[in-house]
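K.L.:
generate a structure from the sequence data that follows.
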Amino acid sequence: MLLVQLMLWAAPVVAITAPELRGTNANRDIAQDMHGRDLRLSEYIKADLNGVNLSGSDLRGAIFNNSSLLKADLSGADLSDAVAFASHFDAADLSDSVLVNGMFMRTSFQDSIITAADFSDAVLDQSERLALCRLASGTNSRTGVSTRDSLHCPSARP
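P.N.:
Next comes the predicted model:
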């Protein structure tokens, strides 16, 4: 009996982190064309969504954790209440998308298309917000809010 207890005690313990545990249900059903899909509350953890067509999709409350959306098409998508941490939307098309109340910390939008995107009440790193102001133009067709106003851009372009 003592030998069995010693063997159990000596066995290595393996633990997983909360994101890994949550990730067991994440990243399901990723396809190149996800246009117009209902993806509310979906989770993408360390996901490769590069070049994926998510245009017109409902991504309200979706989570993007350390994911890459390089050159993804998110035009007309609803990302309200989405959370993106340490993710990359670089060169993505976010034209006429809604990102209201989103949390985009340590997230990059370098060279993205944000014409008519609505970032109202979104949380962005200050440096990223100012960089987006350089690209901001247009008014969102669903919310009627201008991109520059939603980002609280200065009156004169930086």
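K.L.:
ok, residue 33 touching residue 53?
P.N.:
Yes. Between residue 33 and residue 53 a contact is recorded at 4.8 Å, counting by Cβ atoms under 8 Å. The C-beta positions use only the backbone N, C-alpha and C, and glycine is treated the same way.
K.L.:
comparing the two, which residue is more hemmed in?
P.N.:
Taking other Cβ atoms under 10 Å, residue 33 and residue 53 do not tie; residue 53 has more neighbours (19 against 11).
K.L.:
where does the more buried one fall, phi/psi-wise?
P.N.:
Phi and psi for residue 53, reported as degrees, to the nearest 10, are phi -90, psi 100.
K.L.:
distance check, it against residue 132.
P.N.:
Look at residue 53 and residue 132: by Cβ to Cβ, to the nearest Å, they are 22 Å apart.
K.L.:
go on, residue 95?
P.N.:
Taking Cβ to Cβ, one finds residue 95 at 13 Å from residue 132.
K.L.:
what do you get for residue 38?
P.N.:
27 Å.
K.L.:
likewise residue 76?
P.N.:
Distance from residue 76 to residue 132, by Cβ to Cβ: 18 Å.
K.L.:
re the thing from before, who's more crowded, residue 95 and residue 132?
P.N.:
Taking neighbours as other Cβ under 10 Å, residue 95 and residue 132 compare with residue 132 leading, 24 against 21.
K.L.:
who's in contact with the more buried one?
P.N.:
Contacts of residue 132 were listed using Cβ atoms under 8 Å, 6 or more residues apart in numbering, and they are 109, 112, 114, 119, 124, 151.
K.L.:
that one: which element?
P.N.:
Take DSSP states H and E as the rule and residue 132 turns out to sit in helix 126-133.
K.L.:
tell me what the helix or strand following that helix is packed against?
P.N.:
Where DSSP H and E defines the elements, the next helix or strand beyond helix 126-133 is helix 147-150. Applying 3 or more Cβ pairs under 8 Å, 6 or more residues apart in numbering; DSSP states H and E, we find helix 147-150 packed against no helix or strand.
K.L.:
in the helix holding residue 132, which residues are buried?
P.N.:
Buried positions in helix 126-133, judged by neighbour count with 16 or more other Cβ atoms under 10 Å: 128, 129, 131, 132, 133.
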